[in-house]
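J.: Sequence unavailable; structure follows:
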């Protein structure tokens with residue numbers, strides 16, 4: 001198949017959906033397909049275009065067999081409504097030119113966010129006369145509204161119309177959890193238009209490693225400490241300040257050490273808060289290189305997932321699968337009825353506490369500190385669950401099968417995959433029944 005992947009985020013961005021889209025594109029190439037990616041100049045999470053990509057309208061690259069066409073975006077570190085409109089507008093216009101000027105794909109695989117990207121994708125669909133599969137990684141604008149990122153009434157109305165258009169114009173929609181499907185079903189999207197494919201983790205790359213002689217621990221003076229690790233974006237949706245307040249409550253235990261890894265510009269606020277609280281049990285560190293990620297994860301005794309209480313429950317942080325694969329237990333400060341909490345409870349891989357509750361988080365940390373056997377058992381549970389449910393091999397096969405099935409359904413228009421592929425993607429009702437069954441067994 002000739003696949004055009006339309007994704008705002010891509011390598012070398014280190015977090016969010018960029019690593020997932022990179023692995024998906026490269027995985028399809030390894031399976032014999034031709035993939036071209038249309039994406040923005042890398043800018044996340046700093047919200048600044050990376051050195052080496054600045055001052056260019058377009059940039060073409062080939063990496064691991066994937067053709068990458070990048071376009072300039074008018075990104076600002078803290079964009080308001082006008083800044084956001086400029087960002088989305090620049091990506092829509094410039095990416096469309098690059099998309100339709102390249103080779104003709106058999107199928108377009110589009111990711112959301114960015115939601116406004118559904119407009120150039122729809123134009124490319126018409127220009128190339130090919131189907132579109134929408135990989136829905138977040139449900140917008142609901143997530144943005146409930147976290148306060150989107151409050152302008154006109155902007156909300158525009159984004160709600162874009163959401164309806166995105167679902168209507170896609171030939172098929174891939175959702176990452178049955179909770180997403182339930183949300184879309186309530187908005188009138190038919191079951192037959194959706195397929196459920198969980199996000200994944202490379203369980204060979206992210207794998208349990210010993211804490212003893214760990215390079216990350218040695219470098220940062222963490223030996224003989226009970227390390228509580230948070231690594232990832234520090235944004236309005238995460239509620240990471242809760243970690244600092246929990247650290248204050250546990251400051252009298254010299255063995256518990258908090259480590260927050262993130263973008264340096266985002267760590268400044270946490271540094272200020274730590275100074276105000278006069279605590280010294282929190283280390284604030286910059287992101288590590290991707291090659292060093294498994295060693296960093298192995299340095300933890302427990303890893304954290306943080307969300308604010310108003311975050312919509314269907315949101316599923318991609319770090320969930322990564323932590324499970326690392327063989328470390330999770331403490332998730334997330335909405336109790338959300339997808340993340342559900343996955344952790346199903347897998348028995350950690351503890352779930354109410355979001356934005358420093359005392360609850362501190363109690364959970366103290367519980368695991370006092371229970372080394374439970375720490376080991378939960379870490380093992382998460383690892384085995386990741387292997388069974390979130391392996392990349394399963395995900396890439398499911399995406400390949402989904403793309404092939406859409407092409408077969410569109411064969412009357414001459415869209416036939418280059419190789420026959422057995423379609424294994426489960427229907428949504430089956431996925432939901434299996435989820436309930438597994439939860440009951442656990």
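T.: Arrived safely. Treat the numbers as computed from the prediction; the structure is a model and nothing was measured.
J.: packing partners for the helix or strand hosting residue 274?
T.: Using DSSP states H and E, residue 274 sits in helix 264-277. Packing partners of helix 264-277 (3 or more C-beta pairs under 8 Å, 6 or more residues apart in numbering; DSSP states H and E): helix 241-249, strand 282-286. The way it works is simple: take the backbone N, C-alpha and C, and place the C-beta from them, glycine included.
J.: Would you map the helices across the stretch 51-200 of the chain?
T.: For the stretch 51-200 of the chain, helices defined by DSSP state H, counting those that start in this stretch occupy the ranges 81-100, 118-128, 142-146, 153-169, 178-186.
J.: what is the mean pLDDT for the longest one?
T.: Here helix 81-100 scores 92 as its mean pLDDT.
J.: got the angle for that helix vs helix 118-128?
T.: If you take axes from the mean of the first three to the mean of the last three C-alpha atoms, to 10 degrees, helix 81-100 sits at 20 degrees to helix 118-128.
J.: Helix 81-100 relative to helix 153-169, how many degrees between them?
T.: In terms of direction (the same axes, to 10 degrees), helix 81-100 departs from helix 153-169 by 20 degrees.
J.: sorry, back to before: what about the helices of the stretch 51-200 of the chain, which gets the closest to residue 246?
T.: Counting by C-beta to C-beta, residue 246 lies closest to helix 142-146 out of the helices of the stretch 51-200 of the chain; the figure is 23.6 Å.
J.: I'd like the average pLDDT over the closest one.
T.: 73.
J.: quick one: residue 341 and residue 139, what's the gap?
T.: Going from residue 341 to residue 139 by C-beta to C-beta, to the nearest Å gives 17 Å.
J.: Residue 227 now?
T.: 34 Å.
J.: now residue 212, what's its secondary structure?
T.: The three-state assignment at residue 212 reads coil, by DSSP: H, G, I helix; E, B strand; the rest coil.
J.: Tally up the residues packed near it, please.
T.: Residues lying near residue 212 (other C-beta atoms under 10 Å) number 8.
J.: ok, now residue 378?
T.: Using other C-beta under 10 Å, residue 378 is surrounded by 25 other residues.
J.: again, but for residue 264
T.: For residue 264, the neighbour count with other C-beta under 10 Å is 12.
J.: which residue sits closest to it in space, ignoring its chain neighbours?
T.: residue 286 (5.2 Å; C-beta to C-beta, 6 or more residues apart in numbering).
J.: What are the neighbouring residues in contact with the one you found?
T.: 261, 262, 263, 264, 267 (C-beta atoms under 8 Å, 6 or more residues apart in numbering).
J.: Just the buried residues out of the residues you listed, in PyMOL syntax.
T.: Applying 16 or more other C-beta atoms under 10 Å to the contacts of residue 286, the buried members can be selected in PyMOL as follows:
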select buried, resi 261+262+263+267
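J.: Between all of the contacts of residue 286, which two are at the greatest distance?
T.: In the contacts of residue 286, two members sit farther apart than any others by C-beta to C-beta. They are 261 and 264, at 10.4 Å.
J.: Relative to residue 322, how far out is the closest residue in space to residue 329 that isn't next to it in sequence?
T.: Residue nearest to residue 329 in three dimensions, not counting chain neighbours: residue 378, with 3.7 Å by C-beta to C-beta, 6+ apart. Look at residue 378 and residue 322: by C-beta to C-beta, they are 15 Å apart.
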